[in-house]
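Trainee: sequence unavailable; structure follows:
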């Protein structure tokens, strides 16, 4: 019987098959570190007198705590500063490559790995961060781990793992204009639920997935964890190879040819069997937004806040009631009538160059709604530089948005970028949990296009809801340069 | 790691589903670089509510948390496990757990037992009828009991063995160090390395 993509990558990394109930021991090709989940792991190594086995397969960036303003000054928050200084000290002590605040390669780990060309098809990639699933867009088996596992990988470059189940998520047909990768993944999560992917590696397939750019594929794989899955994957193809070619750590010359030959074998075999299959039709997916406090509580933008009494399952009904109370929403309110205080464009889900371009195209020549705060936070310093070379920073500033430095920022509010209690945001990030973006903050997850249109109108909106922009603001503007982002 | 066979302690009914790790410990508490002292951060946003279960005297010394479906979803933060353990919890029972949270728990000696939804409901009722009632969790027999009620729970065989033996994962893996070295010798040379640092052309 044929094997799925996930099974092929798994098999290629088995150091030792487990006996009986014992898990397999898998080799890890790339270990990404950041300041939040690594200090206790480094400390564990020190206490046990162990070294870090493969510093040449390890890389660190500063992202969760980093400020997005005044990055040339010492970090004001003492505990954030200590955590970042601890990462710097640990990396210096163990010889780990680190990209610190102010460095052109600093940024969110899941943006930095791909843009350096370190994430490649067929690899195993881990990080002490659940959104490591992002890297699956390249056909890598990539998943988030806890700090004990971070220490385990540091010490052994392996992880003991039980095999995952496999789920095929096929998106047939084409997406309508205005529907993005973010809408696809929000629709998938609403369909299978926040626990629907539990125990699975998801493989996204079908014409609509194949037509996506690498940025779009990363958005989809990124949020696999929000469906409970450990990982999401997309088989590599020419889109993948074109993205990789010429990046600093991509293979070169004869190595490139050998690598591509290997990567072309990385697709699920035609007779491979998945444990579960889910099918969506691309044309039917509309811009999607969340109304509740988990990413599965979403509806099309054209829909309304659900009525909990209509929900049959008592658990889901109770959760919906709680969510509406927390979110300060009335059942039955059309989503388009919900006003927001803040728009956040950024994160490892939607903080890449293509996301900024798409949002800039919407806001170009327009001004933001009064009283709405608009934060644009590039996913990495490199994305910021690229955007500035294209003049996108000016577009956002002219619109009335704040143009910030790179990091995780308001996605989880570990730095000063937070929502105040009761403040409502349209956010391109990945989690609308209670208090995620600041204690008492209320989050609606949206695509970059919806974020941009919402910033114009002040209520949840899509670009189709906007009147034509002022002079010289044709949709799309100048063609986007094809530079390394 | 301490060996785990049978634990008896006050059961705490947490009648909520989809308790994500941002609820177990909000991100603002993740800035510490130590591995202990997270007890004050556990369910921080909910602890301000006087009606919250952990604020009730009867549950103050709770050590067996009985929660709703999909416990521990979201962020991979192992701090969630540390916070539960630092507070005094040794066991969490729920119908289903998020994968990463469950893996983290196993590494830290926090037992996560999967109990059928209907049985969780019965345990909740038993605990709420007599707040402060103890639950006995028997890892050998894979059962949880409250007064006359005895229900089975599911736990991975290997995790169970490791918990019962109190074994450290890294030490177990390092027994296979020659296998790791042999694997490394066969990796294709074009696989990427982070060092030396390569500049953009």
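Mentor: It's in. Predicted, not measured: the structure shown is a model, and the values here were computed from it.
Trainee: grab the nearest non-local neighbour of residue B:147.
Mentor: Nearest residue to residue B:147 in three dimensions, chain neighbours excluded: residue B:126, at 6.1 Å (C-beta to C-beta, 6 or more residues apart in numbering or on different chains). Yep, even glycine has a C-beta here, placed from its N, CA and C like the rest.
Trainee: residue A:267 contacts residue A:233, correct?
Mentor: No - counting by C-beta atoms under 8 Å, residue A:267 does not reach residue A:233; the two are 10.4 Å apart.
Trainee: show me which of the two is the more surrounded one.
Mentor: The residue with more neighbours, out of residue A:267 and residue A:233, is residue A:233; 31 against 18, by other C-beta atoms under 10 Å in any protein chain shown.
Trainee: the nearest residue to that one once chain neighbours are set aside and chain B, how far apart?
Mentor: The spatially closest residue to residue A:233, leaving aside those adjacent along the chain, is residue A:136, at 4.2 Å (C-beta to C-beta, 6+ apart). As defined by C-beta to the nearest C-beta, to the nearest Å, residue A:136 lies at a distance of 15 Å from chain B.
Trainee: doesn't residue A:299 lie inside a helix?
Mentor: No - if the criterion is DSSP: H, G, I helix; E, B strand; the rest coil, then residue A:299 is strand and not within a helix.
Trainee: got the domain ranges for chain A?
Mentor: Per the record, chain A has its domains at A:5-279, A:290-464, by the TED database.
Trainee: so can I have TSV of those showing mean pLDDT?
Mentor: Shown next, in TSV, are those (pLDDT from 0 to 100):
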stretch	mean pLDDT
domain A:5-279	97
domain A:290-464	97
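Trainee: tabulate the ones you listed (CSV), appending distance to residue B:155.
Mentor: Formatted as CSV, the entries for the domains of chain A read as follows, by distance: least, C-beta to C-beta, whole Å:
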stretch, distance to residue B:155
domain A:5-279, 11
domain A:290-464, 23
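Trainee: what's the closest of these to residue B:66?
Mentor: Of all those, domain A:290-464 sits nearest to residue B:66, with 14.8 Å by C-beta to C-beta.
Trainee: which strand runs longest in chain B?
Mentor: Scanning chain B for the strand with the most residues, using DSSP state E, yields strand B:6-14.
Trainee: quickly check: that one near chain A or not.
Mentor: No - contact of strand B:6-14 with chain A (C-beta under 8 Å from any C-beta of the partner chain) is absent, the minimum separation being 13.0 Å.
Trainee: list the strands paired with that strand, with their directions.
Mentor: On the basis of DSSP bridges, the sheet neighbours of strand B:6-14 come out as strand B:62-67 (parallel), strand B:134-138 (antiparallel).
Trainee: need the winner for burial among the ones you listed.
Mentor: Of all these, strand B:62-67 carries the top mean neighbour count, a mean of 26, counting by mean count of other C-beta atoms under 10 Å in any protein chain shown.
Trainee: just to revisit the earlier point, for the helix or strand that comes right after the longest strand of chain B, name the packing helices and strands.
Mentor: Past strand B:6-14, heading to the C-terminal end, the next element that is a helix or strand (DSSP states H and E) is helix B:21-24. When contacts are defined as 3 or more C-beta pairs under 8 Å, 6 or more residues apart in numbering or on different chains; DSSP states H and E, helix B:21-24 sits against helix B:79-87.
Trainee: what packs against the helix it packs on?
Mentor: Under the contact definition 3+ C-beta pairs under 8 Å, 6+ apart, helix B:79-87 sits against helix B:21-24, helix B:99-108.
Trainee: near chain B, anything from the longest strand seen in chain A?
Mentor: If each strand of chain A is counted by residues according to DSSP E, the longest one is strand A:165-172. No - legend: contact between strand A:165-172 and chain B by C-beta under 8 Å from any C-beta is lacking; minimum distance shown is 10.8 Å.
Trainee: what touches both of residue A:267 and residue A:233?
Mentor: A shared contact of residue A:267 and residue A:233, defined by C-beta atoms under 8 Å, 6 or more residues apart in numbering or on different chains, is any residue touching both; here these are residue A:5.
Trainee: quick revisit: JSON lines for the strands paired with strand B:6-14, including distance to residue A:458 and mean pLDDT?
Mentor: What follows is those, written out as JSON lines (distance: least, C-beta to C-beta, whole Å; pLDDT from 0 to 100):
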{"stretch": "strand B:62-67", "distance to residue A:458": "39", "mean pLDDT": "98"}
{"stretch": "strand B:134-138", "distance to residue A:458": "51", "mean pLDDT": "98"}
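Trainee: export those strands as JSON lines, with columns for distance to residue A:346.
Mentor: Shown next, in JSON lines, are the strands paired with strand B:6-14 (distance: least, C-beta to C-beta, whole Å):
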{"stretch": "strand B:62-67", "distance to residue A:346": "32"}
{"stretch": "strand B:134-138", "distance to residue A:346": "43"}
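Trainee: looking at the domains of chain A, which is closest to residue B:48?
Mentor: In this view, the domains of chain A are compared for proximity to residue B:48 by C-beta to C-beta, and domain A:290-464 is the closest at 9.5 Å.
Trainee: how long is that closest one from one end to the other?
Mentor: Start and end residues of domain A:290-464 are separated by 19 Å (C-alpha to C-alpha, to the nearest Å).
Trainee: what of stretch A:186-199?
Mentor: Here stretch A:186-199 reaches across 19 Å from its first residue to its last, counting by C-alpha to C-alpha.
Trainee: residue B:87: neighbour count?
Mentor: Using other C-beta under 10 Å, residue B:87 has 18 other residues around it.
Trainee: so the residue positioned nearest the centre of chain A is in which element?
Mentor: Chain A has residue A:349 as the residue nearest its centroid, 2.7 Å off, counting by C-alpha atoms, centre = their mean. Residue A:349 is part of helix A:347-350, with elements assigned from DSSP H and E.
Trainee: up against chain B, what does the stretch 351-485 of chain A have?
Mentor: Residues of the stretch 351-485 of chain A lying close to chain B by C-beta under 8 Å from any C-beta are A:412-414, A:431, A:433-436, A:439, A:484.
Trainee: ok, those residues vs residue A:463, which is closest?
Mentor: Of all those, residue A:463 sits closest to residue A:431, with 24.4 Å by C-beta to C-beta.
Trainee: any idea how far the closest one is from residue A:6?
Mentor: As defined by C-beta to C-beta, to the nearest Å, residue A:431 lies at a distance of 24 Å from residue A:6.
Trainee: do the same with residue A:192
Mentor: Using C-beta to C-beta, one gets 17 Å for the distance from residue A:192 to residue A:6.
Trainee: give me the more crowded residue out of those two.
Mentor: Set side by side, residue A:192 and residue A:6 show more neighbours around residue A:6, with 27 against 20, by other C-beta under 10 Å.
Trainee: is that one in contact with residue A:163, as I believe?
Mentor: No - counting by C-beta under 8 Å, residue A:163 is not a contact partner of residue A:6; they are 9.1 Å apart.
Trainee: which of the three states applies to residue A:439?
Mentor: Going by three-state DSSP, the secondary structure assigned to residue A:439 is coil.
Trainee: could you look up the SS state of the residue lying closest to residue A:232 once chain neighbours are set aside?
Mentor: What sits nearest to residue A:232 in space, not counting adjacent residues and going by C-beta to C-beta, 6+ apart, is residue A:224, at 3.1 Å. Taken by three-state DSSP, the conformation at residue A:224 corresponds to helix.
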